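S.K.: Structure of the sequence below:
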Amino acid sequence: MSSLLMRRLLASLITIWAVFTLSFFIIRAAPGGPFDANRDPPADVKRAIEARYHLDAPLWSQYLDQLVGWIQLDPGPSLRQPDHDVASILAAGFPISLLLGGLALILGTTVGVLLGILAALRPGGVLDQLVVVTASIGLALPLFVIAGLLVLGFSFGLGWLPPAGWQTIPSLVLPVLCLSLMPAAQSARLVRSGLIEMSTEEFARTARAKGLSPFSVLLFHCLRPALIPLVATLAPTAAALLTGSLVVEQIFAIPGVGMHFIQGALNRDYPLVLGAVLLYTVLLQLLSLLADLLTWILDPRLRGEVR
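M.R.: Have a look, this model is predicted:
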C-alpha cells in the first residue's frame, strides 16, 4: 500500500506541475494585458508598471519566478489588487467555495444513495422509472438553467429565499441545491445499477433464502459493494462541482474562489488566475487520493492485490 501511495503522490505532483505550466503559458497567450482594460496608459507609465511586476522580463524568466514563488508558497501580489497578495485573496474565498461544494456534495450524495436504494427495491416499477427519468433530467440540464429556474420559482415567484448573496443561512439554500442536483442524479443512477447487479449474486440469494426482507438484503448485504463505483467517481464528481461553482458563484454573487477566478480572467490578473487553477488542481488531486483510499477499503480484492 505504501509503494502504491508513493506512486500516486508522485503522479499527483507531476500533474500539478503540468497544469501549472500549461496554465501559465495559456494565460499569457490571451490577448490584452492586465493594465489595458480601461485605458491605455502613457508608454513610460506602462513600462514602470511592467517593471514593478516583472512583466518586462522574458517569458521563461517570469515562468521560473512564478514556479519558485509557488514552491515557496509565496505567489506574490495581485496585479489588479496591489494591496492584496494572491494567497490572501484565495484564503478569503476558499472557505466559502469549500463550504458550498462540501454541502452540495454531502446533500447530493446522501439524497442520491437513498433514491438509488428505493429505486432498486422494485426494478422497473413506477418509483424506479421516476428516479431514472429525474436523474437523466438532472444530468442533462446546464447549471445556469437550473439556477435560473430556482431563482425564478423560490425567489421571485414564492419569495421564500433571497436570489443572491452570502450573508445569511437562507442565502445558502439555492446555490447548494443547484450544485447538489448533479451529484444526486449521478449517485442515484450508480447506486441503483450497483444494487440491482449485486442483488443477483449468490450471497444476496442466500440472504433472501434465510428469510431476510428485500430491503434488509439491499441495505446490509448489497450496499457496500454497490458503493464502490460511486466512491470511485468522487473525484470526478468533485471536479464537476468545482467547475460548476464558477458559474454558480457568479450567478448568486458568492465571493468564493470561482468569482475571483472569473474576475481575474476578465482583468488578465495572471497570478490570481494561476492561483485559482492551482488551488482547484491540488484539491482535486487530494480528493482523488481519498477516493482511491476509500475504494481500497471497500473492495477486499484490491487489498489482496496490494499484498
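S.K.: Look up which helix or strand the residue lying closest to residue 66 once chain neighbours are set aside falls in, please.
M.R.: Sequence neighbours aside, residue 24 is the residue nearest to residue 66 in space, at 6.3 Å (criterion: C-beta to C-beta, 6 or more residues apart in numbering). (C-beta placed from N, C-alpha, C; glycine too.) Applying DSSP states H and E as the criterion places residue 24 in helix 2-29.
S.K.: Okay, buried residues for the longest helix along the chain please.
M.R.: As assigned by DSSP state H, the longest helix anywhere in the chain is helix 86-121. Under the neighbour-count criterion of 16 or more other C-beta atoms under 10 Å, helix 86-121 has 86-87, 89-90, 93-94, 96-97, 100-101, 103-105, 107-109, 111-113, 115-121 buried.
S.K.: So the residue nearest to residue 66 is in contact with residue 63, correct?
M.R.: Yes: counting by C-beta atoms under 8 Å, residue 63 is a contact partner of residue 24 at 5.6 Å.
S.K.: and these two? which has more neighbours close in?
M.R.: The residue with more neighbours, out of residue 24 and residue 63, is residue 24; 21 against 16, by other C-beta atoms under 10 Å.
S.K.: related to what we said a few turns ago, now do the same contact list for the residue nearest to residue 66.
M.R.: When contacts are counted by C-beta atoms under 8 Å, 6 or more residues apart in numbering, residue 24 touches 63, 66, 270, 274.
S.K.: let's see 10 Å
M.R.: 59, 62, 63, 66, 67, 70, 270, 273, 274, 277, 278 (C-beta atoms under 10 Å, 6 or more residues apart in numbering).
S.K.: Please apply the same query to residue 138.
M.R.: 108, 112, 146, 180, 181, 182, 183, 184, 185, 186, 188, 189.
S.K.: Can you tell me the element it falls in?
M.R.: Assigned by DSSP H and E, residue 138 belongs to helix 126-140.
S.K.: could you give the mean pLDDT of that helix?
M.R.: Helix 126-140 comes out with an average pLDDT of 84.
S.K.: mind saving the C-alpha coords of whichever helix or strand comes after that helix as CSV?
M.R.: Where DSSP H and E defines the elements, the next helix or strand beyond helix 126-140 is helix 143-150. Taking Å, rounded to 0.1, in the frame of the first residue of the first chain, the C-alpha atoms of helix 143-150 are listed here in CSV:
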residue,chain,number,x,y,z
LEU,A,143,-26.3,24.6,-14.2
PHE,A,144,-27.3,28.1,-15.3
VAL,A,145,-30.7,26.8,-16.4
ILE,A,146,-31.2,25.1,-13.0
ALA,A,147,-30.0,28.3,-11.2
GLY,A,148,-32.4,30.4,-13.2
LEU,A,149,-35.4,28.1,-12.5
LEU,A,150,-34.6,28.0,-8.8
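S.K.: Following element in sequence after helix 143-150, please.
M.R.: Following helix 143-150 in sequence order, the next helix or strand is helix 170-198 (DSSP H and E).
S.K.: by how many degrees do that next one and helix 143-150 diverge?
M.R.: Counting by axes from the mean of the first three to the mean of the last three C-alpha atoms, to 10 degrees, helix 170-198 lies at 120 degrees to helix 143-150.
S.K.: list the helices and strands helix 170-198 packs on?
M.R.: helix 86-121, helix 126-140, helix 143-150, helix 202-209, helix 223-232, helix 234-251 (3 or more C-beta pairs under 10 Å, 6 or more residues apart in numbering; DSSP states H and E).
S.K.: That helix relative to helix 223-232, how many degrees between them?
M.R.: Using the same axes, to 10 degrees: helix 170-198 against helix 223-232 is 120 degrees.
S.K.: how distant is helix 170-198 from the center of its chain?
M.R.: 14 Å (C-alpha atoms, centre = their mean, to the nearest Å).
S.K.: residue contacts, residue 247?
M.R.: By C-beta under 10 Å, 6+ apart, residue 247 lies in contact with 142, 143, 144, 146, 147, 178, 179, 258, 262.
S.K.: and the angle from the helix or strand where the last one lies to helix 2-29?
M.R.: The reference is to residue 262. In the assignment (DSSP H and E), residue 262 maps to helix 257-266. For helix 257-266 against helix 2-29, the angle by the same axes, to 10 degrees is 40 degrees.
S.K.: and helix 257-266, what does it pack onto?
M.R.: Under the contact criterion of 3+ C-beta pairs under 10 Å, 6+ apart, helix 257-266 touches helix 86-121, helix 234-251, helix 270-298.
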